[in-house]
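Colleague: what would the 3D arrangement of this be:
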Amino acid sequence: MQAPRLVATDVDGTLLGPDDHVPARAVAVIERLVAAGVGFVLVTGRPPRWIPPVLAELPVGRLAVCANGGVLYDAVDDRILWSRTLDPDALDALATAVAGVFPESGLAVERVGERALDDAVPFIAEPAYQHAWPEADNAVTTRDELLDRPAVKMLVRNPGLSSDAMVAALTPVVGHLADLTFSHPRGLVEMSPPGVTKATGLAEVARRAGVEPCDVIAFGDMPNDLEMLRWVGHGVAMGNAHPALIEVADEVTAANGEDGLALVLERWF
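Modeller: The predicted model follows:
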């Protein structure tokens, strides 16, 4: 591959090291590539409000495709540029279908407004929902209220199962209603509008920048990165990646704790 014109990276398990910070070596090479006129974008399952702490360590960063392709966020202006949502009817259909397969599971939804850092609580969960991340911020509500407004994604939580097993069981039932994926291995499935993935979000960023897929490189570690790694000209799986990513990647680099991202980008920058 020639030097890329656009660099895209997942955040957790990829850009961030095991200490949840961007390694110094990654910061340095990203600063060099941006200085060379190359585009840089985060592509993550995180919601927009969880992006500013990451970009605070990357002063050259601005754009983030969030919620697995459901949102494009400008972190400098704290502005949602666009979003792709599930409407209340779709959310209700998903909740009904999920209850038929995993009745003991808890549900939550992620919503977005015009800005990410306002006073609203965009993550809404029912009482049965058990968070995968202890520091998660949310409002607890009834299932009816959970489903009454559009959301960029619905989350299904069942910590007694693997996420792989949940996706396998849910796909035949709700695969026509939503795009299913996961970024956490222990009982968490994320559902977006049909056809909305990290690849579609990144494709929109590339189109706006006038960059073809063959000139894009992307890094990832979990199944929610699969479509993105397939779409780009050069897809790189981290050494700590889920086996599904290693199978489709053009290259496997070192783990996120071993400067895997920087090792690849330093070929050109």
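Colleague: which strands and helices lie in contact with the helix or strand bottoming out on mean pLDDT in the chain?
Modeller: Sorted by mean pLDDT, DSSP states H and E, the helices and strands of the chain end with strand 139-140, the least confident at a mean of 86. Helices and strands touching strand 139-140, by 3 or more Cβ pairs under 8 Å, 6 or more residues apart in numbering; DSSP states H and E, are strand 123-125. (Glycine included, C-beta is placed from N, CA and C.)
Colleague: quick check: mean pLDDT of the strand it packs on?
Modeller: Strand 123-125 shows a mean pLDDT of 93.
Colleague: report all helices and strands that it contacts.
Modeller: Counting contacts by 3+ Cβ pairs under 8 Å, 6+ apart, strand 123-125 packs against strand 106-110, strand 139-140, helix 143-146.
Colleague: so can I have a markdown table of these showing mean neighbour count and distance to residue 175?
Modeller: Converted to a markdown table, these look like this (neighbours: other Cβ atoms under 10 Å; distance: least, Cβ to Cβ, whole Å):
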| stretch | mean neighbour count | distance to residue 175 |
| --- | --- | --- |
| strand 106-110 | 24 | 18 |
| strand 139-140 | 14 | 29 |
| helix 143-146 | 15 | 21 |
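Colleague: got the contact list for the residue nearest to the spatial centre of the chain?
Modeller: When the chain is reduced to its mean C-alpha position, the nearest residue by Cα atoms, centre = their mean turns out to be residue 45, at 2.0 Å. The contact partners of residue 45, by Cβ atoms under 8 Å, 6 or more residues apart in numbering, come to 12, 66, 67, 68, 181, 183, 190, 222, 224.
Colleague: nearest to residue 118 among these?
Modeller: residue 66 (15.4 Å; Cβ to Cβ).
Colleague: for the closest one, list each beta-bridge partner.
Modeller: residue 71 (DSSP bridges).
Colleague: how far away is it from residue 56?
Modeller: Remark: distance between residue 66 and residue 56 (Cβ to Cβ, to the nearest Å) = 16 Å.
Colleague: the two - which one has more neighbours?
Modeller: Using other Cβ atoms under 10 Å, the more surrounded residue of residue 66 and residue 56 is residue 66, with 31 against 11.
Colleague: so the more buried one touches residue 46, yeah?
Modeller: Yes: applying Cβ atoms under 8 Å, one finds residue 66 in contact with residue 46, separated by 5.8 Å.
Colleague: quick one: the strands in the stretch 101-250 of the chain?
Modeller: With strands called from DSSP state E, counting those that start in this stretch, the stretch 101-250 of the chain shows them at 106-110, 123-125, 139-140, 153-157, 179-181, 188-192, 216-220, 234-237.
Colleague: closest to residue 201 out of those strands?
Modeller: strand 188-192 (9.8 Å).
Colleague: that older thread, can you tell me how far the residue nearest to the centre of the chain sits from residue 198?
Modeller: Taken as Cβ to Cβ, the span from residue 45 to residue 198 is 8 Å.
Colleague: common neighbours of the two, please.
Modeller: Contacts common to residue 45 and residue 198, judged by Cβ under 8 Å, 6+ apart, are 68, 224.
Colleague: still on that earlier bit, closest to residue 84 out of the contacts of residue 45?
Modeller: Taking those together and measuring to residue 84 by Cβ to Cβ, the closest member is residue 67, at 8.5 Å.
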